[in-house]
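Peer 1: just to be clear, the model below is a prediction. Sequence and coordinates:
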Amino acid sequence: MKKIAIVGAGFSGAVIAHELAKADYQLEVFDSRPHVAGNCHSQRDPETGVMVHTYGPHIFHTSNEKVWNYVRQFDEFMPYTNRVKAITKGRVFSLPVNLLTINQFFGKTFNPREAEAFLASIGDQSISDPKTFEEQALRFVGKDLYEAFFKGYTTKQWGMHPSELPASILKRLPVRFNYDDNYYASNFQGMPKNGYTFIVEKMLDHPGIQLHLGTTFERESAGDYDHVFYSGPIDTWFGYSQGRLGYRTLDFKSETHDGDYQGNAVLNYCDEDVPWTRISEHKHFSPWESHEKTVIFKEYSRFCEENDIPYYPIRLVKDKSQLKEYIELAQAERNITFVGRLGTYRYLDMHITIAEALDVAEQFLARAGGSEPMPSFTVNPLG
Ligand code: FAD
Ligand code: UDP
């Protein structure tokens, strides 16, 4: 029987482990942290009973029916729609930019057609092919909305001016000419009734899986296994030989209050002189529960230093050229597959992480469990 190690007990590692264990493999799963579920970890706050998303708010959404059916094997998903509010210059609006945002911001009563024509008239039409975040914003929402909602928030979130960032970051957000204020355009959205950690614990609860928490897997141990699935940072695996890939990290300052602190799960703070980017009030992520007290997280973004947790890959030109060098090193390795958001240095939502992990497991099993070599990547990290 082949010896297989899985590094990381987040969704990437847990889904691969679960699928291979079902196919009768014996696996060892390692995580440096004392808990499973990686950055999706959730736990009940002992003082208030509120389910807290320890590493920041996580909302499950997908249009992939296979993934939606897959996760619902492990827990019931409760109805939840993310509706974000944003504070700018002393006023509250709805995000993503929609008809209510436009009408309230400009003091109008536009219908969809009028609002679309209005935004086209205030957008900078001389920018024909927006390359940067700032150009994309000026072209599609115009200077006033850009300065109110995006300039300050993005400068805080990424630590640089939006003219230095790619347009792709802003393209993640829609602009809607109706009153739909659902933050996501996915077909399915919900929250696991018992939290993400409950799901991952269930995935890993199999006689074929041996779990080692609080245990960092070192590269020297790879030789003890026939195959390693690695969901840790790719630059760490190679001892940062090509330099450190740039990440943003987050600091969460937690506070406990009585009652309802802000009346919504997420409030963005778009002004640059407010130091945090957003405040999450965790009990509103479980609207079917009721709690007298409440837990909030103020979220601060900064550059990720050596001992910080990497959150958002920055992926500027410099990072991408370093990544290319790491990909070449990875492709020269044998018996290891780099997976997940850290292994491939990409921002991945949970549903993409799960879809990719299912694909990795399928590819491994289709290769008769590794009698044919598995590639170092099943996706293109530069794509
Ligand atoms: P991770 O969850 O990071 O797991 C990797 C694990 O590997 C970690 O637990 C780490 O401790 C372990 N590890 C690393 N190196 C080693 C080693 N050498 N030995 C042992 N263990 C090791 N997605 C959504 O769909 N909706 C959201 O609302 C959402 N919100 C997010 C908010 C924030 C602030 C962030 C940063 C991400 C958010 N995501 C969201 C994305 C989500 O967090 C990822 O999709 C998911 O965590 C990826 O899982 P993973 O297993 O690849 O990585
Ligand atoms: N953004 C912003 N103001 C907001 C919300 C988002 O400027 O109130 C920008 C920010 O740069 C962010 C990007 O839009 O990184 C994409 O938004 P998303 O909600 O996907 O943010 P992320 O997942 O990066 O936190």
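Peer 2: Okay, I see it. What you see is a predicted model, and the numbers here were worked out from it, not measured in a lab. Numbering: from 1, shown residues only. Ligands and ions are numbered 1, 2, ... in the order given.
Peer 1: ranges for the helices of this structure?
Peer 2: Here the chain has its helices, by DSSP state H, at 11-22, 65-71, 99-106, 112-122, 133-140, 142-145, 152-158, 167-171, 196-204, 234-237, 317-332, 340-343, 350-366.
Peer 1: ok, now how distant is the residue nearest the centre of the chain from ligand 1?
Peer 2: For the chain, Asp349 is the residue whose C-alpha lies nearest the centre (Cα atoms, centre = their mean; 4.4 Å). Note on Asp349: its distance to ligand 1, by Cβ to the nearest ligand atom, to the nearest Å, is 3 Å. Quick note: C-beta positions are derived from backbone N, CA and C, even for glycine.
Peer 1: how about Pro373, phi and psi?
Peer 2: Torsion angles at Pro373 (phi, psi; degrees, to the nearest 10) stand at phi -70, psi 140.
Peer 1: so which bits of the stretch 201-350 of the chain are right by ligand 2?
Peer 2: Along the stretch 201-350 of the chain, the residues adjacent to ligand 2 under the rule Cβ under 6 Å from any ligand atom are 268, 270.
Peer 1: Arg315 contacts Thr344, correct?
Peer 2: No: with contact defined as Cβ atoms under 8 Å, Arg315 does not count as touching Thr344 (11.1 Å).
Peer 1: more neighbours, those two?
Peer 2: Set Arg315 next to Thr344 and count neighbours by other Cβ atoms under 10 Å: Thr344 wins out with 24 against 21.
Peer 1: so who does Gly239 touch?
Peer 2: Arg219 (Cβ atoms under 8 Å, 6 or more residues apart in numbering).
Peer 1: torsion angles phi and psi at it?
Peer 2: Backbone torsions of Gly239, given as degrees, to the nearest 10, read phi 60, psi 30.
Peer 1: wait, what's in contact with Lys85?
Peer 2: 92-95, 264, 266-268.
Peer 1: going through these, which ones are buried?
Peer 2: When those are checked for burial by 16 or more other Cβ atoms under 10 Å, the buried set is 93-95, 264, 266-268.
Peer 1: circling back: so which of the helices of the chain is the most surrounded?
Peer 2: Ranked by mean neighbour count under mean count of other Cβ atoms under 10 Å, the helices of the chain are led by helix 340-343, which reaches a mean of 27.
Peer 1: model confidence over that helix, on average?
Peer 2: In this model, helix 340-343 has a mean pLDDT of 98.
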